[in-house]
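*Asks:* can you look at this prediction? I've put the sequence above it.
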Amino acid sequence: MNIKESLKIAVKCIKANWMRSLLTMLGIIIGISSVIMIIGAGTGVRDYIVGLIEDMGSNAVLVSVDATTATDKDYITLDDVTNIKSKVKGVDRCSPMLMGFGRATIDKTATEATAMLIGVNSDVQFALTNTCEYGRFFTDEEYEANAPIAVIGTNSADTAFGYTDVTNEYITVSSSGKSMKIKVCGVANIDALASSLGGGDGMSKMFSSGTDKTVVALFMPCTTLTQITGADANLSNLFVIAEEGYDYDAVGNATVNYLKSAHGNFANSIYTAQNMATYVEIVDIIMSVLTAFIACVGAISLIVGGIGVMNIMLVSVTERTREIGIRKSLGAKTSVITLQFLTESIILCFIGGLIGVTIGVVGAFGACAIIDISPNITWWLILVALLFSSGVGLFFGIYPARKAAQMSPIDALRSE
């Protein structure tokens, strides 16, 4: 008997007891689907978080002020930003990060929206992973002149205008009783960064009306932002980019030391410097380990499923004892009987693996759709899952197959 004949017999036996076969495959289906869903969705979440940090500037150091203990004199000023860039050794560029909220009116369509305003200078573009998709970033001269100009987020542009290339369009921004017509000079992928800096959707909803669901993210000169909001330029965060060849951690610590010296608070740990590249590595490791751990827990059901396969194959051997006796009396070798039952066990688990992969892929896309991210499911993951399920069938099918093959033909023929 060759492999082709073994496959035919195996498929025929599975069809003859299709309900029992389906229940037997249930453990395999649950195990494979859970592993695929967890790894696919978990890897997608990891990629999203890492991408978000990289968008914030994986080549930059984020210097922050501890708002829980800081007083007014401890906050970073725009003069500090200028001095850090010129006086701290190893600093190539430095940008403030000032948050503000207001109301936005799209001049072209009269659409109302919540304006999420981030005050920066032109140096921030060198901390971002992606440059402007359309248009340009504002210049140092426009920053110094308090120019009414801004870079809008790609998603914000599409939501507010209905298309993405909105360069040279105008948005009227209002806050604290003041308003200013802002010209869009560029479009960049800054929406996720703006949302993370602004405290997410919950913070933006505090500044929106009950019917307004549109949020427009704008990067504008910090000096222009203070004019619109009327707030002082007390900064809680700034981005520092090191010169080529300098260690980012060392530059971050030097910046913190300058701020302590400038504000006279050496005794307090008010300022912290966080290397964004380190964040990327930490998040990548944590998410990878967490995903692998949960996937291993999910894989336990594969072991349970394998035990179920072994159990049902032992039942099958018992039911087909006379068949085995007839085959052996007609000259079937031990290897032929072994191959027949092993083939049936492997096919049973392989079919369960196919169903599990299908459910897992659909489940991963469904789970990720809820949080609006994309799962990361690769062909090698699907291939490994199918090979692993077949391996479970092979491992747990060996004992029943050997038991069937080692039967005595006389004893088997006597069986009722």
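*Replies:* Received it, and whenever you're ready, just let me know what you need.
*Asks:* quick one: end-to-end distance for stretch 169-181.
*Replies:* 10 Å (C-alpha to C-alpha, to the nearest Å).
*Asks:* buried residues in that stretch, which are they?
*Replies:* With burial defined by 16 or more other C-beta atoms under 10 Å, the residues of stretch 169-181 counted as buried are 169, 171-173, 175, 180. For the C-beta atoms, the positions are set from N, CA and C on the backbone; glycine is no exception.
*Asks:* show me the contact partners of it.
*Replies:* 100-108, 115, 117, 148, 150, 152, 160-161, 182-184, 216, 218, 224, 227-231 (C-beta atoms under 8 Å, 6 or more residues apart in numbering).
*Asks:* from the buried residues of stretch 169-181, which one has the minimum pLDDT?
*Replies:* In terms of pLDDT, residue 175 ranks lowest among those, with 86.
*Asks:* residue 185 is in contact with residue 149, isn't it?
*Replies:* Yes. Using C-beta atoms under 8 Å, residue 185 is in contact with residue 149, at 4.9 Å.
*Asks:* joint contacts of those two?
*Replies:* residue 138.
*Asks:* if we can go back for a sec, widest-spaced pair of the buried residues of stretch 169-181?
*Replies:* Within the buried residues of stretch 169-181, two members stand farthest from each other by C-beta to C-beta: 169 and 175, at 19.7 Å.
*Asks:* just give the number of residues close to residue 344.
*Replies:* The number of residues packed near residue 344 is 27, by other C-beta atoms under 10 Å.
*Asks:* residues contacting it?
*Replies:* By C-beta under 8 Å, 6+ apart, residue 344 lies in contact with 9-10, 13-14, 313, 316, 397.
*Asks:* buried among the contacts of stretch 169-181? Make that a ChimeraX selection.
*Replies:* In ChimeraX syntax, the buried subset of those is picked out as below (16+ other C-beta under 10 Å):
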select :100,101,102,103,104,105,106,115,117,148,150,152,160,161,182,184,216,218,224,228,229
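*Asks:* quick one: which of the contacts of stretch 169-181 sit in helices?
*Replies:* Judged by DSSP state H, the contacts of stretch 169-181 include 160-161, 224, 227-229 as members of helices.
*Asks:* using TSV, lay out these together with pLDDT.
*Replies:* Converted to TSV, these look like this (pLDDT from 0 to 100):
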residue	pLDDT
160	87
161	88
224	90
227	88
228	88
229	84
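*Asks:* in CSV: those, plus distance to residue 86.
*Replies:* Shown next, in CSV, are these (distance: C-beta to C-beta, whole Å):
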residue, distance to residue 86
160, 38
161, 39
224, 23
227, 25
228, 28
229, 27
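*Asks:* list just the nearest of the residues you listed to residue 81.
*Replies:* residue 224 (15.2 Å).
*Asks:* that closest one is in contact with residue 146, isn't it?
*Replies:* Yes. Residue 224 lies in contact with residue 146 (C-beta under 8 Å); the separation is 5.2 Å.
*Asks:* so what are the sheet partners of whichever helix or strand residue 94 is part of and their directions?
*Replies:* Element membership for residue 94 (DSSP states H and E) is strand 91-106. Take DSSP bridges as the rule and strand 91-106 pairs in its sheet with strand 111-120 (antiparallel), strand 170-175 (antiparallel), strand 237-242 (antiparallel).
*Asks:* that one - what's its average pLDDT?
*Replies:* Mean pLDDT, strand 91-106: 88.
*Asks:* now for the residue nearest to residue 32 when sequence neighbours are not counted: which residues touch it?
*Replies:* Closest residue to residue 32 apart from its sequence neighbours, by C-beta to C-beta, 6 or more residues apart in numbering: residue 356 at 2.8 Å. By C-beta under 8 Å, 6+ apart, the contact set of residue 356 is 28-33, 36, 385, 389.
*Asks:* for residue 356, report the pLDDT, please.
*Replies:* According to the prediction, residue 356 has pLDDT 88.
*Asks:* what does it show for phi and psi?
*Replies:* When read as degrees, to the nearest 10, the backbone of residue 356 gives phi -60, psi -40.
*Asks:* re the thing from before, so how far is the strand holding residue 94 off the chain centroid?
*Replies:* 26 Å (C-alpha atoms, centre = their mean, to the nearest Å).
*Asks:* do stretch 238-255 as well
*Replies:* Distance of stretch 238-255 from the chain centroid (C-alpha atoms, centre = their mean) equals 28 Å.
*Asks:* contact partners of that stretch?
*Replies:* For stretch 238-255, the external contacting residues (C-beta under 8 Å, 6+ apart) are 57, 59-63, 76, 80-81, 84, 88-97, 123-124, 126-127, 273-275, 277-278.
*Asks:* these, buried ones only, as a PyMOL selection?
*Replies:* Isolation of the buried members of the contacts of stretch 238-255 (16+ other C-beta under 10 Å) is achieved in PyMOL through the command below:
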select buried, resi 57+59+60+61+62+63+76+80+81+84+88+90+91+93+94+95+96+97+123+124+126+127+273+274+275+277
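*Asks:* narrow the contacts of stretch 238-255 to those in strands?
*Replies:* Here DSSP state E is the test, and those give 61-63, 91-97, 273-275 as lying in strands.
*Asks:* out of those, the closest to residue 142 would be?
*Replies:* Ranked by distance to residue 142 (C-beta to C-beta), the ones in strands among the contacts of stretch 238-255 are led by residue 95 at 14.2 Å.
*Asks:* ok, what's across the strand from that closest one?
*Replies:* Under the criterion DSSP bridges, residue 95 forms beta bridges with residue 239.
*Asks:* same question, the one 5 residues further on
*Replies:* With DSSP bridges applied, the residues forming beta bridges to residue 100 are residue 117.
*Asks:* in this structure it contacts residue 120, no?
*Replies:* No. Between residue 100 and residue 120 there is no contact, the gap being 11.6 Å when judged by C-beta under 8 Å.
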